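S.K.: Take this sequence and fold it.
(one chain, ligands or ions: 1)
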Amino acid sequence: MQNKTRQEGRTVQMNIITKNPKTLLNKGSGFLSDYSHSLNPYTGCSFGCSYCYVRQMPVSLFRGQEWGTWVDIKNGASDILRKELRRSKAKGKVTIFMSSSTDPYQPIEYQAKVTRSLLEVMVEDPPDFLLVQTRSPLVRRDIDILQQLGNKVRVSMTVETDLDEVRKHFSPYAPPIQARLRTLQDLAHANIPTQAAIAPLLPSSSDFARKLKPLVNRVCVDDYFMGDGSGGKRTRNLNISSLYKQLDLEAWYHPEAYRMVYDRFVSEFQENQVYVSQAGFAP
Ligand code: SF4
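M.R.: Numbers count the residues shown, from 1 in each chain. From the prediction side, this is the model:
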């Protein structure tokens, strides 16, 4: 299926196909070793963020198509998850990170509803914990299901910066920052546990923490150097530094830059509400 998606004033030709996977749950490892499993409703991601290190992974390298221009829809995902969940729960604690290499609420989810079908399965047979990692306001559509998971779920909304001009520079096809902030507010009103994931942190204003304070009581700060699973090497290979140069903000592309953002947040939030890197994503 060819699908034209209008993003930031450009029409991008997306290649969207349906695949029949055999399995769905992957063992949590590396950065996700606090989780028993990771879960990706799709392969590929139409947000195509410039810094996305999945570009460097075999799933993208062997595809022969530019990252961000293709998505595979996982057909029959809910039936597979139902079986795998039952089997995994019989063996022990099941904690799920959704998603590690795609956004579960990218635009195709409006129609395909794979993520929603997986949440429905998890309401029937709840895992011990589910983290939903997204940067999309579409997560609001599923508030009714997320509420049924009570405190077994946390929605982690990526908010890399408070400056939408910076967001446009690094991830022009991802949702605007204001829409993400409104989504955090709606989730909080619905009593769904949330956090803001400043990950990877991008150049931001000194007001960033103050803007997030009324919306969340948990924040995670992460950067390429701690969070890309290779000490920043994967991101370096993407030549991300040139994007900082174009903005004349090279000082932000540094392993110590997170400290300034961290300090700004601990001056607004309580220290135990501000997490760094992997600890912030843990169950
Ligand atoms: S939303 Fe996540 S998975 Fe998708 S391109 Fe951006 S960083 Fe990669």
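S.K.: Can you give the distance from the one helix or strand Ala209 maps to to the centre of its chain?
M.R.: Secondary structure assignment for Ala209, by DSSP states H and E: helix 208-212. Relative to the chain's own centre, helix 208-212 is displaced by 20 Å; criterion: CA atoms, centre = their mean, to the nearest Å.
S.K.: Same question for stretch 162-173.
M.R.: Centroid separation for stretch 162-173 versus its chain: 16 Å, with CA atoms, centre = their mean.
S.K.: same question, stretch 258-268
M.R.: Worked out by CA atoms, centre = their mean, stretch 258-268 lies 21 Å from the chain centre.
S.K.: per-residue confidence averaged over it?
M.R.: In this model, stretch 258-268 has a mean pLDDT of 97.
S.K.: and if you look at stretch 52-64?
M.R.: 90.
S.K.: What lies in contact with it?
M.R.: With contacts defined as CB atoms under 8 Å, 6 or more residues apart in numbering, stretch 52-64 is touched by 43-45, 67-68, 70, 101-102, 228-230, 234-235, 237-238. Backbone N, C-alpha and C define where each C-beta goes, glycine included.
S.K.: Now with 6 Å, please.
M.R.: Stretch 52-64 is contacted from outside by 67, 101, 228, 234-235, 237, using CB atoms under 6 Å, 6 or more residues apart in numbering.
S.K.: Just the buried ones out of those residues, please.
M.R.: Buried members of the contacts of stretch 52-64, counted by 16 or more other CB atoms under 10 Å: 67, 101, 228, 234-235.
S.K.: Which ones among those also lie next to the ligand?
M.R.: Among these, the ones lying near the ligand by CB under 6 Å from any ligand atom are Ser101.
S.K.: Next to the ligand, which bits of the stretch 1-150 of the chain? Give me the list.
M.R.: 45, 47-49, 52, 54, 101-103, 135.
S.K.: rerun that using 5 Å as the cut-off
M.R.: Counting by CB under 5 Å from any ligand atom, the residues of the stretch 1-150 of the chain close to the ligand are 45, 47, 49, 52, 103.
S.K.: when you check these against the strands, which ones overlap?
M.R.: Among these, no member falls in strands (criterion: DSSP state E).
S.K.: Which one of those residues sits in the busiest neighbourhood?
M.R.: Most neighbours among these, by other CB atoms under 10 Å: Asp103, with 28 neighbours.
S.K.: isn't it right next to Thr134, touching?
M.R.: Yes. At 5.5 Å, Asp103 and Thr134 qualify as touching, with contact defined as CB atoms under 6 Å.
S.K.: So what does the closest residue to the ligand within the stretch 101-250 of the chain have for phi and psi?
M.R.: Of all residues in the stretch 101-250 of the chain, Asp103 sits closest to the ligand, at 4.0 Å by CB to the nearest ligand atom. For Asp103, the backbone dihedrals (degrees, to the nearest 10) come out as phi -100, psi 120.
S.K.: Show the subsequent helix or strand relative to the helix or strand of the chain with the lowest mean pLDDT.
M.R.: Ranked by mean pLDDT, DSSP states H and E, the weakest helix or strand in the chain is strand 2-7, scoring a mean of 54. Per DSSP H and E, the first helix or strand lying C-terminal to strand 2-7 is strand 10-19.
S.K.: Just give the strands next to that next one in its sheet, each with its orientation.
M.R.: Sheet pairing for strand 10-19, assigned by DSSP bridges, gives strand 2-7 (antiparallel), strand 70-74 (parallel).
S.K.: quick check, distance from it to the centre of its chain.
M.R.: Computed by CA atoms, centre = their mean, the chain-centroid distance of strand 10-19 equals 20 Å.
S.K.: Next: stretch 222-240.
M.R.: That offset, for stretch 222-240, works out to 16 Å (CA atoms, centre = their mean).
S.K.: Show me which helix runs longest in the protein.
M.R.: The residue-count maximum for a helix in the chain (DSSP state H) belongs to helix 77-91.
S.K.: Just the angle for it relative to strand 70-74, thanks.
M.R.: Counting by axes from the mean of the first three to the mean of the last three CA atoms, to 10 degrees, helix 77-91 lies at 60 degrees to strand 70-74.
S.K.: For the one helix or strand Asp144 maps to, output the C-alpha coordinates as PDB.
M.R.: Using DSSP H and E, Asp144 sits within helix 143-148. This file holds the C-alpha atoms of helix 143-148, laid out as PDB (Å, rounded to 0.1, in the frame of the first residue of the first chain):
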ATOM      1  CA  ILE A 143      -7.400   6.700  27.400                       C
ATOM      2  CA  ASP A 144     -10.400   4.500  28.000                       C
ATOM      3  CA  ILE A 145      -8.300   1.300  27.800                       C
ATOM      4  CA  LEU A 146      -5.200   2.800  29.600                       C
ATOM      5  CA  GLN A 147      -7.500   3.700  32.500                       C
ATOM      6  CA  GLN A 148      -8.400   0.000  32.900                       C
END
